[in-house]
Structures are given as C-alpha cells and as structure tokens.
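Peer 1: Output the structure for:
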Amino acid sequence: MSPWLQLAAAGGEAAGGADGAEEGAHVVFHLFGLPVHESIVTMWIVMGVLILFGVLAARSLHQVPRNRFQTAVEWAVDALYGFVADIMGRERARRFTPLLGSFFLLILLSNYTGLLPVLPHESWFQPPTSRWGVTGGLAIFTFVAVQAYGLAHHGLGYFRRFLEGPVFLWPLTVPLAVIEELIKPFSLSLRLFANIFGGEAVLSGLLAAMPWLVPAGVMFIEVIAGFVQALIFTMLSALYIEAATAEFHHEH
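Peer 2: Just a heads-up that it's a prediction; the model follows:
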C-alpha cells in the first residue's frame, strides 16, 4: 500500500484529537500525555487493515495473475486509475492515483465500519468519518496537497489563478477567489461528515429499537451511500488537483 495512505490519514488523526473536546467524545487511553479517542483508535485499525492488505497484495504479485486475489486487486487498481484518468488525463493520473486511491480506500472502509452491528456499541469504537474532526483533517490535507502541487507545477505563477477578470476588478475578484479556495476543505469535510454521521445515527437507533431484527434495508442504503461519499470526496479532490496543476491563461 502506498505511503500516501499513512499521510492522508495523519491529518484525520490530528484533527480527531482536537475533536475530542466535543461532547460525548470518549478517551480510550493516553499516549505521550495526549488523549486518544475512539475515532482515532478506529482510524488506526482501518489503516492497519489497509496496510496489511497492501503488503499481502504486493507479496503475491506475479507477471501473469495466478489467483483470483491478484486479479481482483489489479481490477480495483485499474478501476481507480481509469476513474482518475477520466478527470485529469492519463499522465497526471499515474502521479496522483496513489494519493487519490488511498483517500478512496481509507474513507470507504471508515464509512463501512459504522455498518458493523456489534462494534458501534463498544466504548473504544467510533466510525472515523462520523466525526467532523477526522473528515476535517482529511479535507485540510487535501487543501494543503492541492496548494503544494500547484506551487510545484507553476512556481509562484500558481497565484495567477486568483487574478481573474480585468485588473480594475481585482480588488473584488481576488478576495472572492481566495474565499472560494478556503471554502473547499470546509465543504469537503461537512458533506462527508453529515452523510456518514446521519446514516450511523439512523442505523444505531433502529438497531437499538430492534436488536434482533437488523434493518437490512437501511444497511443496504448505507452501503451505497458510503461508497458514493468516498467516491465524491475522491472525485472532488481530483478535480481540485487537476485545476491547480492545469495550464491556465488570463487575458487582461
């Protein structure tokens, strides 16, 4: 598994720590004097599963697939690559698919942890993406990555993308462009958090009311919703990176 997986989750963990001040947050244990909340523990478990899966997949690779596991892994990688290539082209997709694919897998598995019928009742467990601190951390990481890639590609000329319209309108358009850029991580994090938190709350309520009758219909909807939200986050991140690294020209 790409090292981007660990980097992409690092922002979520850091933000998750700050998120612990929220009402209802549970401290599982302390690490180096810092509180570790249930959402961070779950995030670490998700990261561990994905890293282990990546290691096992890498160890069993052959030039020609010899088993269904490698075939499935190659199909998933090709699908992610094709999805990213449709957004930013094949050349840039080869560069950014490891990051964007890590985002997708991390968010997808984090979303699906809320569908486990037993674990949501454990004090050490909390679906990571149902906490705004975690989704905010992932969104902030995306925002920083977009700016870093834009600066690496364009140099200081990257900031010309904020100079829209005639020069005499810059006092109006530049602040609006900056505000629009700053709003992106907020909208990314809020969309993911609200959908996953809402779905988990509904599912938890139904499970509490009908503990012996799992609401399969709601769980099926949440399976689809979890996939769609991971896909939307990945798609928007790809669009932001594509816009930051694309060639742009302004006429004044």
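Peer 1: Please give me every residue in contact with the residue lying closest to residue 196 once chain neighbours are set aside.
Peer 2: Using Cβ to Cβ, 6 or more residues apart in numbering and skipping residues adjacent in sequence, the residue nearest residue 196 is residue 129, 4.4 Å away. Any C-beta I mention is one placed from the backbone N, CA and C, and that applies to glycine too. Going by Cβ atoms under 8 Å, 6 or more residues apart in numbering, residue 129 touches 107, 110-111, 114, 135, 192-193, 196, 229.
Peer 1: Tell me which other helices or strands the helix or strand hosting residue 240 touches.
Peer 2: Using DSSP states H and E, residue 240 sits within helix 216-245. If you count contacts as 3 or more Cβ pairs under 8 Å, 6 or more residues apart in numbering; DSSP states H and E, helix 216-245 packs onto helix 68-88, helix 90-112, helix 132-154, helix 170-209.
Peer 1: thinking again about what came up before, quick one: buried ones out of the contacts of residue 129?
Peer 2: Buried subset of the contacts of residue 129 (neighbour count, 16 or more other Cβ atoms under 10 Å): 107, 110-111, 114, 135, 192-193, 196, 229.
Peer 1: Pick out whichever of those residues sits closest to residue 222.
Peer 2: Using Cβ to Cβ, residue 114 comes nearest to residue 222 of those, at 7.3 Å.
Peer 1: Please report the distance of the closest one from residue 232.
Peer 2: Applying Cβ to Cβ, to the nearest Å, the value for residue 114 to residue 232 is 17 Å.
Peer 1: What about residue 30? Give its phi and psi, please.
Peer 2: Here is the backbone geometry of residue 30 (degrees, to the nearest 10): phi -110, psi 140.
Peer 1: Quick check: nearest residue in space to it, chain neighbours excluded?
Peer 2: residue 36 (6.6 Å).
Peer 1: I'd like the distance from that neighbour to residue 114, if you could.
Peer 2: From residue 36 over to residue 114 the distance is 19 Å, taken as Cβ to Cβ.
Peer 1: can you count the residues close to residue 45?
Peer 2: Residues near residue 45, counting by other Cβ atoms under 10 Å, number 17.
Peer 1: Columns mean pLDDT and distance to residue 236 on top of the helices and strands packed on helix 216-245, output as CSV?
Peer 2: Shown next, in CSV, are the helices and strands packed on helix 216-245 (pLDDT from 0 to 100; distance: least, Cβ to Cβ, whole Å):
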stretch, mean pLDDT, distance to residue 236
helix 68-88, 89, 10
helix 90-112, 91, 10
helix 132-154, 90, 8
helix 170-209, 80, 6
